[in-house]
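**Q** Requesting a structural model of the entry that follows:
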Amino acid sequence: MSPAGADALMIDLRSDDSRWDGMLGDPEAVCTRALRAAAARMDAVGEVSVLLTNDVEMRELNVQWRGIDKATDVLSFPYSGSGIPGQPRPLGDIALGLETAKRDADLMERAFEAHVSHLLVHGFLHLLGYDHIESADAAVMEPLEAGILAGLGWPDPYRTGPYGETD
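**A** Numbering: from 1, shown residues only. Just a heads-up that it's a prediction; the model follows:
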């Protein structure tokens, strides 16, 4: 991990659902660890805002910004402005929905912290312009995610089966 990327990322974390604390332990530590690992790997500097919320708000955000009337696990909103001179460059916002994230982690038999770390890394890469809609783009983005998560001690999220399973 490059020290410049890890130290140069500022994280503004907001949680509007107290259940995150009970389910994740220390949400700030989990978010900081995952996002700083991603920033270091991608040599990214700036500021990212993270909202830990619930499915009701995620549904509202998804309807408002994507026109999709359902809750989702992660949404990313890249910053497109120029920023303020002398201030950290805003990279964008990431929002995570608790119930959908927990349900998905349970269905995939994956540790909740591992899944949340994956969602954060995934969202962060979207802020940097990575995408996975086209298979060629996914072939670039998914190995980056897996590599960042491996550095955190988590298995490849794109393998089939639960984390920790041996194929």
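
**Q** now the strands for the chain?
**A** 9-15, 46-53, 74-78, 90-97 (DSSP state E).

**Q** how about these in CSV, adding mean neighbour count, mean pLDDT and distance to E142?
**A** Just so you know, the C-beta spots here come from the backbone N, C-alpha and C atoms, and that holds for glycine as well. Formatted as CSV, the strands of the chain follow (neighbours: other C-beta atoms under 10 Å; pLDDT from 0 to 100; distance: least, C-beta to C-beta, whole Å):
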stretch, mean neighbour count, mean pLDDT, distance to E142
strand 9-15, 16, 96, 22
strand 46-53, 21, 97, 21
strand 74-78, 18, 96, 15
strand 90-97, 23, 97, 18
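
**Q** Arrange those strands in JSON lines, one row each, with distance to F124 as further columns.
**A** Formatted as JSON lines, the strands of the chain follow (distance: least, C-beta to C-beta, whole Å):
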{"stretch": "strand 9-15", "distance to F124": "9"}
{"stretch": "strand 46-53", "distance to F124": "7"}
{"stretch": "strand 74-78", "distance to F124": "8"}
{"stretch": "strand 90-97", "distance to F124": "7"}
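
**Q** pLDDT weak spots in the chain?
**A** 1-7, 160-167 (pLDDT under 70).

**Q** ranges for the helices of it?
**A** 3-7, 19-24, 27-42, 55-66, 98-107, 112-127, 135-151 (DSSP state H).

**Q** got a list of contacts for the fourth one?
**A** Translated: helix 55-66. 16, 51, 68-73, 75, 77, 95-100 (C-beta atoms under 8 Å, 6 or more residues apart in numbering).

**Q** and the residue nearest the centre of the chain, what does it touch?
**A** With distances taken as C-alpha atoms, centre = their mean, the residue of the chain nearest its centroid is L120 (1.2 Å). L120 is in contact with 30-31, 34-35, 38, 50, 74, 94, 96, counting by C-beta under 8 Å, 6+ apart.
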